[in-house]
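>>> Would you be able to build a 3D model of this:
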Amino acid sequence: MDQTENKENMEAMEEEQIVVITDDEGNELYFREEMVVPVGKKNFAILAQINLEDCECEDEDCHCHEHEDDEEENVIIARIEFDENGEEVYLAPTDEEFDEVKAAYEKLVEDWDEE
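Predicted coordinates:
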């Protein structure tokens with residue numbers, strides 16, 4: 001995919017919160033912010049990986065970003081902080097924060113199932 005196509009895909013998804021994370025090998029990975037889970041005074045994002053390279057859609061309701069049942073979805077948790085410009089920065093949570101977010105998320109899901 002060339003840079004123009006990648007830019008068009010990113011613009012088409014502006015309404016969705018897309019997060020770019022660079023892995024240890026320098027590869028850019030794209031994640032969709034599924035939800036924000038507040039824990040104490042901090043917010044944590046549940047991020048689901050998407051593959052922009054496979055997307056050829058120009059439509060904002062693009063099916064390319066939907067999870068396929070036969071693939072295992074890569075989901076991560078990130079703490080949301082803000083840099084000096086007020087821009088969101090996604091950081092790895094501590095082990096303790098991860099456990100707290102996991103418990104809070106499971107409680108939310110349990111509450112939704114009861115409704």
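
>>> May I see the buried residues of the longest helix along the chain?
Secondary structure of the chain read by DSSP state H shows that its longest helix is helix 95-114. Neighbour counts using 16 or more other CB atoms under 10 Å place 97, 100-101, 105 of helix 95-114 among the buried residues. Where you see a C-beta, it was placed from the backbone N, CA and C, and this is true even at glycine.

>>> What lies in contact with it?
Helix 95-114 is contacted from outside by 37-40, 42, 44, 46, 77, 79, 93, using CB atoms under 8 Å, 6 or more residues apart in numbering.

>>> try 6 Å this time
37, 39, 44, 77 (CB atoms under 6 Å, 6 or more residues apart in numbering).

>>> Go ahead and build a ChimeraX selection from the buried members of these.
Buried members of the contacts of helix 95-114, defined by 16+ other CB under 10 Å, are picked up in ChimeraX with:
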select :37,39,44,77
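
>>> Distance check, Glu87 against Ile21.
15 Å (CB to CB, to the nearest Å).
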